[in-house]
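Undergrad: sequence first, then the predicted structure:
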Amino acid sequence: MSDEENQREEIEEDLNKNDKKGKKNKKLTKKQRKEEEKKKKEEEKKKRKEEKKKKEEEDKKEGEDKNEKEDKNEKEDQKDDEEKEKDKNNDGNKDENKKEENQENNKDDKVNENKEKKDNDVDDKNDEEEFIIDTSTKNINNETGVRKVNKDEIKTEEEEEKENEDNNNKDENQNNDSIYKIIKKLKKARKGSICQELFIKEDECNYIIDKSYEIFKKEESLLKIQAPLYICGDIHGQYYDLLRVFDILKYPPQSTFLFLGDYVDRGKQSLECLLLLLCLKIQYPDKIFLLRGNHECEALNKMYGFFDECKRRLSIKCFKKITNLFNMMPISALINENILCMHGGLSKDLQNIEQINKILRPTDIPDEGLLCDLLWSDPNEALTEDFGINERNISVTFSKDYVKNFVEKNNLDLICRAHQVVEEGFEFFADMKLVTIFTAPNYMGEFDNNGGILEVGEDLLCKFHVLRPNFERSGKRRKITQLIN
Ligand SMILES: [Mn+2]
């Protein structure tokens, strides 16, 4: 090859190289452009996210500031109210104590023996242990034709966690933001062993009443519900204890609840109890069911404290709205066509369970008849006739044999009712065909009763959960005597 040819070749190679380089450069710039575009987009996204976060934080701060202000107001109000209540209670207790002393009977000796044992038990137990799940002795899977739960059917921890996460997501997506916020506020009322009286806005309360009224209106007088669920008896304004129940057994929608009535009167925080339960009903209508008790009634509310609480904290107008709501509440519930639930008990006017659905609502509680008995009657151990006189001067008492016959005729396993304070929180009658559940422990700070909750498993296996009374809170111990209302 000549020099010239060599030079040409070298030049051509250079040119080719340059061409290739040029192409490479072009390719790089395209990639770079794409990458730059991507980066820009990402940065924009980041900015947007940051702005969102800032807004959310600001909103939160505003909310917290509001809450703090409210808390301060509440605390000031509370101090005043507590002083008022102390005065009231001092007057009230004198009368009540006299009544109770008159009512103490022969049962007291037995109660005293048990009390001494129990006192030792309670003192030894710390807070974590105060809740006892009794699975060994008090299962009623024997005579009630129920099956035990298979181990395979029990959810693993992982599955439960996933479920909880799903539920939480659902919570966040709830459209009903205001109800969610009120529930949050109501849950926070407890601080240590004290339950704050919350500031409740009247328009908030009206909103809750209107919403829950519409739900009750859609429900039948006799609810048909499926297990698994927890059944609670009387609460009577003991908000601290209601929160304990949910803390231990989990709030809806993780758990399903049936309450047997008597949410208000006697206790100090009837409004908190009622509003929390109603909010949960609005948020999860298929996870919590609220039956009417004899205290969901205007006349009794005027005698036993709820009217006064409404008048002091809200208004008489609001009380009237709540009365209308009570008049619309369902009366009774049937679980898996097997367990019949009501606040009081049986009636001579109840032959067939479906009769309960013929009770038209809204209605006040009459002085006699089916609705009156369902909310007021009591079992009577000593009774030989089917029905007898009730010491409450309203409704009737019914006998063991009547319960057994009724249960058999109607293909039931169990009747579950509330309405009477029972020492253990639950008490059987008529060879375990009827059970009384009373959920307010240490009732009115005057009694040393446990609070009971009945758990009905998926296959109708029944367990009892027990809330121990908290003597440190009440500072009082009294023997159990039967209260008339
Ligand atoms: Mn009652």
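TA: Sure, I can see it.
Undergrad: using CSV, write out the CA atom coordinates for stretch 349-361.
TA: This file holds the C-alpha atoms of stretch 349-361, laid out as CSV (Å, rounded to 0.1, in the frame of the first residue of the first chain):
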residue,chain,number,x,y,z
ASP,A,349,-98.5,-13.1,75.9
LEU,A,350,-95.5,-14.6,74.1
GLN,A,351,-96.3,-18.0,72.6
ASN,A,352,-94.4,-17.8,69.3
ILE,A,353,-91.1,-15.8,68.9
GLU,A,354,-92.3,-14.2,65.6
GLN,A,355,-95.0,-12.4,67.7
ILE,A,356,-92.2,-10.0,68.7
ASN,A,357,-92.0,-8.7,65.1
LYS,A,358,-95.6,-7.6,65.4
ILE,A,359,-94.7,-5.0,68.0
LEU,A,360,-95.0,-1.7,66.1
ARG,A,361,-92.4,1.0,66.6
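Undergrad: what sits up against it?
TA: Defining contact as C-beta atoms under 8 Å, 6 or more residues apart in numbering, one finds that stretch 349-361 is touched by 216-217, 220-222, 327-332, 334, 340, 369-371, 373-374, 406, 410. For the C-beta atoms, the positions are set from N, CA and C on the backbone; glycine is no exception.
Undergrad: residues of the chain that sit close to the ion?
TA: The chain has residues 262, 293-294, 419 near the ion, with proximity defined as C-beta under 5 Å from the ion.
Undergrad: now render the residues you listed as TSV, adding secondary structure.
TA: Formatted as TSV, these follow (DSSP: H, G, I helix; E, B strand; the rest coil):
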residue	secondary structure
Asp262	coil
Gly293	coil
Asn294	coil
His419	coil
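Undergrad: got CSV for those residues, with neighbour count and pLDDT too?
TA: Below are the residues of the chain next to the ion laid out as CSV (neighbours: other C-beta atoms under 10 Å; pLDDT from 0 to 100):
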residue, neighbour count, pLDDT
Asp262, 29, 98
Gly293, 29, 98
Asn294, 25, 98
His419, 28, 98
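Undergrad: which of the residues you listed sits closest to Gln196?
TA: Asp262 (22.9 Å; C-beta to C-beta).
Undergrad: identify the residue nearest the closest one in space, chain neighbours excluded?
TA: For Asp262, ignoring the flanking residues on the chain, the nearest one in space by C-beta to C-beta, 6 or more residues apart in numbering is Gly293 at 3.5 Å.
Undergrad: look up how far Leu198 lies from the one you found.
TA: Note on Gly293: its distance to Leu198, by C-beta to C-beta, to the nearest Å, is 23 Å.
Undergrad: ok, now Arg361?
TA: 30 Å.
Undergrad: residue of the stretch 101-250 of the chain nearest the ion, please.
TA: Asp234 (5.9 Å; C-beta to the ion).
Undergrad: which residues does that residue bridge with?
TA: Per DSSP bridges, the residues bridged to Asp234 are Phe438.
Undergrad: Arg190 now?
TA: The partner residues for Arg190, given DSSP bridges, come to Cys195.
Undergrad: circling back: the more surrounded of Arg361 and Leu198?
TA: A direct count of neighbours by other C-beta atoms under 10 Å for Arg361 and Leu198 places Leu198 higher, at 22 against 16.
Undergrad: what sits against that one?
TA: Listed by C-beta under 8 Å, 6+ apart, the contact partners of Leu198 are 74, 185-186, 189, 272.
Undergrad: kindly report the same for Leu291.
TA: 223, 258-261, 329-333, 341-343.
Undergrad: what do you get for Met444?
TA: By C-beta under 8 Å, 6+ apart, the neighbours of Met444 are 236, 266-267.
Undergrad: that one belongs to a helix?
TA: Yes - per three-state DSSP, Met444 lies within a helix segment.
Undergrad: and Gly388, which of the three is it?
TA: State at Gly388, reduced to three classes by three-state DSSP: strand.
Undergrad: repeat that for the one 4 residues further on.
TA: The three-state label for Arg392, taken from three-state DSSP, comes out as coil.
Undergrad: swap in the one 5 residues further on?
TA: For Thr397, the secondary structure call by three-state DSSP comes out as strand.
Undergrad: any idea how far the closest residue to it other than its chain neighbours is from Ser255?
TA: In space, not counting the residues next to it along the chain, Thr397 is nearest to Asn380; the distance is 3.6 Å by C-beta to C-beta, 6+ apart. According to C-beta to C-beta, Asn380 stands 34 Å off from Ser255.
Undergrad: what's the answer for Glu214, then?
TA: For Glu214, the distance to Ser255 - C-beta to C-beta - is 24 Å.
Undergrad: can you list the contacts of Leu291 in CSV and add neighbour count, secondary structure and pLDDT?
TA: Shown next, in CSV, are these (neighbours: other C-beta atoms under 10 Å; DSSP: H, G, I helix; E, B strand; the rest coil; pLDDT from 0 to 100):
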residue, neighbour count, secondary structure, pLDDT
Leu223, 19, strand, 98
Leu258, 22, strand, 98
Phe259, 29, strand, 98
Leu260, 31, coil, 98
Gly261, 29, coil, 98
Met329, 21, coil, 98
Pro330, 21, coil, 98
Ile331, 23, coil, 98
Ser332, 24, strand, 98
Ala333, 26, strand, 98
Cys341, 27, strand, 98
Met342, 27, coil, 98
His343, 25, coil, 98
